[in-house]
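# coords below, sequence missing:
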């Protein structure tokens, strides 16, 4: 762990070997489970139920482009992980920011069908120093469940760019569904 990173495994007066064994066990033992249910009808109309929300999805053999398919949902999962960890580490470090936006781009190969690369760009509105922005970025990459999972199976890379003021340059993310500026 480098200076300034937040450790998620508690330490105490135990020996280094005991602490290392505890951290290894904590890091290798699943402590949280998730369940998602899905249903599909002919014609590519599907629905995923996660938490208390239904998400309409494209389950057709050819993408209709009217609903997110598995690839977009994977990208959305990465985006959600990055944004959730920005919030989490902004409280732990602490780190002050006004808004954060992320764009994820994925590359897929046809055979064998798989994602080969995921790239992201986070834009964060903050008055924190570049060193603190880098610290936040290192923490969200190192301790993100989805980022760690995806990095183990494909090329995952990205950047965090800090902006001062109130503007974020992702025009489709700068306006929420109700038409107001900002993220609701």
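The structure has been received and is ready for your questions. From a predicted model like this one, the values you see are computed outputs, not experimental measurements. Numbering: from 1, shown residues only.
# thought residue 97 was touching residue 128?
Yes. Shown here, residue 97 and residue 128 form a contact pair, counting by Cβ atoms under 8 Å, at 7.3 Å. In short, each C-beta sits where N, CA and C put it, glycine included.
# Does the residue nearest to the spatial centre of the chain fall in a helix, a strand, or a coil region?
Nearest residue to the geometric centre of the chain (Cα atoms, centre = their mean): residue 81, 2.2 Å. Following DSSP: H, G, I helix; E, B strand; the rest coil, we place residue 81 in the helix state.
# Give the full set of residues in contact with it.
For residue 81, the contact set (Cβ atoms under 8 Å, 6 or more residues apart in numbering) comprises 144-147.
# possible to save these as TSV with distance to residue 36 and neighbour count?
Below are the contacts of residue 81 laid out as TSV (distance: Cβ to Cβ, whole Å; neighbours: other Cβ atoms under 10 Å):
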residue	distance to residue 36	neighbour count
144	19	21
145	15	13
146	14	17
147	19	20
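# Identify the farthest-apart pair in those residues.
Across the contacts of residue 81, no pair lies farther apart than 145 and 147, at 7.4 Å, counting by Cβ to Cβ.
# what's the distance between the residue nearest to the centre of the chain and residue 146?
Going from residue 81 to residue 146 by Cβ to Cβ, to the nearest Å gives 4 Å.
# From what I see, residue 162 and residue 133 are in contact.
Yes. Between residue 162 and residue 133 there is a contact under Cβ under 8 Å: 4.5 Å.
# Quickly list what's touching both of those two.
Residues touching both residue 162 and residue 133 (Cβ under 8 Å, 6+ apart) are 124, 126.
# my guess is residue 154 meets residue 117, correct?
Yes. Counting by Cβ under 8 Å, residue 154 touches residue 117, with 6.0 Å between them.
# Sounds good, over and out.
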